[in-house]
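> Fold the following for me, if possible:
(one chain, ligands or ions: 2)
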Amino acid sequence: MTRGFYIGRFQPYHLGHHTVIEQISHEVDELVIGVGSAQFSHELENPFTAGERVMMISAAMEEIGIPFYAIPIEDLRRNALWVSHVYSMTPYFDVVYSNNPLVIRLFSEMGMKVRTMPMVMRKTLSGTEIRRRMVTGEDWRELVPGAVAGVIDQIQGVDRMKQIASSDVV
Ligand SMILES: Nc1ncnc2c1ncn2[C@@H]1O[C@H](COP(=O)(O)OP(=O)(O)OP(=O)(O)O)[C@@H](O)[C@H]1O
Ligand SMILES: NC(=O)c1ccc[n+]([C@@H]2O[C@H](COP(=O)(O)O)[C@@H](O)[C@H]2O)c1
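Numbers count the residues shown, from 1 in each chain. Ligands and ions are numbered 1, 2, ... in the order given. Just a heads-up that it's a prediction; the model follows:
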């Protein structure tokens, strides 16, 4: 039995994440999804709470048929202890999937197997681009799984983004 670990901020979960997770699902039996920077919400870079991001991931994972655990993980101001912090919050895993250089370095230094995944349509499939479109009123729905758009509608996520953006300017 192989269990993988994939971490991101998922602000919000998008089709880039979804494509990568679909690929990972062919390589592992179970997946631990770390919801990083879990303490942040209601800000331009991090509009959604950890719980809302768990809702998005859970809704999207219905399309991907492997068991998964979505686990919020707060940041720690000590990189050297971060991997232990992650281990303390998650089920055991055998392999880490990430493209983040710091994540790759920290897990590699602890002797973990780390795999990188190809970026998918990075110009549009990025949390930054989706948040930008939410604020300007451009179409963002095409960049996320339908189930995730449903969660964002349910929590009135676009209203929140616009409100945060307007108070940020003032
Ligand atoms: N389009 C994509 N294709 C493949 N992997 C991606 C894509 N976008 C992000 N990732 C990877 O997913 C992981 C989590 O990324 P994250 O949740 O920070 O999304 P992001 O789109 O990079 O967000 P932001 O733009 O808010 O920084 C990282 O390893 C990142 O490299
Ligand atoms: N010291 C730390 O708290 C530490 C170190 C490395 C990564 N992280 C977190 O892991 C996540 C990595 O996700 P991204 O690849 O999406 O950046 C982020 O939430 C990041 O803050 C935290």
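
> contacting residues around residue 149?
Contacts for residue 149 were tallied using CB atoms under 8 Å, 6 or more residues apart in numbering; they are residue 141. In short, each C-beta sits where N, CA and C put it, glycine included.

> For the residue in the chain positioned nearest to ligand 2, which residues are in contact?
Per CB to the nearest ligand atom, the residue of the chain with the smallest distance to ligand 2 is residue 36, at 2.3 Å. Contacts of residue 36 were listed using CB under 8 Å, 6+ apart, and they are 7, 8, 9, 10, 73, 75.

> What of residue 99?
So residue 99 contacts 116, 117, 119 (CB under 8 Å, 6+ apart).

> Who wins on neighbours among the residues you listed?
In terms of neighbour count, residue 117 stands highest of the contacts of residue 99 at 16 neighbours, by other CB atoms under 10 Å.

> Farthest-apart pair in the contacts of residue 36, please.
Largest separation among these by CB to CB: 10 and 75, giving 14.2 Å.

> The two: which is more packed in?
Between residue 10 and residue 75, residue 10 has the larger neighbour count (other CB under 10 Å), namely 24 against 14.

> Surely residue 80 is in a helix?
Yes: assessed with DSSP: H, G, I helix; E, B strand; the rest coil, residue 80 lies in a helix.

> Do you know the pLDDT at it?
With respect to pLDDT, residue 80 scores 98.

> Report the separation between it and residue 52.
Residue 80 sits at a distance of 30 Å from residue 52 (criterion: CB to CB, to the nearest Å).

> wait, doesn't residue 55 sit right on residue 151?
Yes: Residue 55 lies in contact with residue 151 (CB atoms under 8 Å); the separation is 4.9 Å.

> Residue 34 and residue 125: what is the separation?
19 Å.

> next one: residue 85
Taken as CB to CB, the span from residue 85 to residue 125 is 28 Å.

> and the two? which has more neighbours close in?
Neighbour count, other CB under 10 Å: between residue 85 and residue 125, residue 125 has more, with 19 against 14.

> give me the element the nearest residue to the more buried one once chain neighbours are set aside is part of.
Ranked by CB to CB, 6 or more residues apart in numbering and with sequence neighbours excluded, the top spatial neighbour of residue 125 is residue 16, at 3.5 Å. Using DSSP states H and E, the element containing residue 16 is helix 15-24.

> what helices or strands is the very next helix or strand once past that helix leaning on?
Sequence-wise, the next helix or strand downstream of helix 15-24 (DSSP H and E) is strand 30-35. Judged by 3 or more CB pairs under 8 Å, 6 or more residues apart in numbering; DSSP states H and E, the packing partners of strand 30-35 are strand 3-8, helix 15-24, helix 50-61, strand 68-72.
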